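J.: Generate a structure from the sequence data that follows.
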Amino acid sequence: MRNYKVKNIFRTKLKKGDDLYYSIMNIIDKNSIETGLIIGIGAVKKANIAYFNQKKKEYENFHFDEAMEIVSLKGNISLKENKPFAHIHVSLARSDYSVVGGHLLPNTIVYACEIDIIEYEGKTINRVYDEETNLYLWDL
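T.: The predicted model follows:
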């Protein structure tokens, strides 16, 4: 376990038509953020998300070509192979009030979105490959 203090909070409104994942990564890269928290709300025109199949130990990607509400967007920022990496989960509500969710992927297109990125002050966390899970996990 590590303790952190807040260094900066970046608040932004994304534009309709923006790629949600790349917009978040652009903020992270532009501001050299190496450790932090991502939260957001809004809506998307279409979404690409992934589900990690624990039996196969691999991601399964899904595309949803429909308008959906972002009921929760949360993630963290760490370093993977010495580069900032955003691990983001998203929950999306459909028009029938069902919810889908998973790992946020590129080509998720914004309808409207408000994002907070909270940068932490202190030692960065690196992701290292974990053979047992086939995932890159925090090295704590």
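
J.: neighbouring strands for the helix or strand that contains residue 6, and are they parallel or not?
T.: Assigned by DSSP states H and E, residue 6 falls within strand 5-14. For strand 5-14, sheet partners with direction are given as strand 109-121 (antiparallel), following DSSP bridges.

J.: So which residues make contact with the following helix or strand past the strand it pairs with?
T.: Scanning the chain past strand 109-121 towards its C-terminal end, the next helix or strand to appear is strand 126-130 (assignment: DSSP H and E). With Cβ atoms under 8 Å, 6 or more residues apart in numbering as the test, strand 126-130 has contacts from 78, 79, 80, 82, 85, 135, 136, 137, 138, 139. C-beta: built from backbone N, CA, C; applies to glycine.

J.: Serialize these to a markdown table and add fields for distance to residue 42 and secondary structure.
T.: Listed next are the contacts of strand 126-130 as a markdown table, based on distance: Cβ to Cβ, whole Å; DSSP: H, G, I helix; E, B strand; the rest coil:
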| residue | distance to residue 42 | secondary structure |
| --- | --- | --- |
| 78 | 24 | strand |
| 79 | 27 | strand |
| 80 | 26 | strand |
| 82 | 31 | coil |
| 85 | 22 | strand |
| 135 | 28 | strand |
| 136 | 27 | strand |
| 137 | 29 | strand |
| 138 | 27 | strand |
| 139 | 32 | coil |
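
J.: Show me the contact partners of the strand holding residue 6.
T.: Counting by Cβ under 8 Å, 6+ apart, strand 5-14 makes contact with 20, 23, 27, 31, 33, 42, 110, 112-122, all of which sit outside it.
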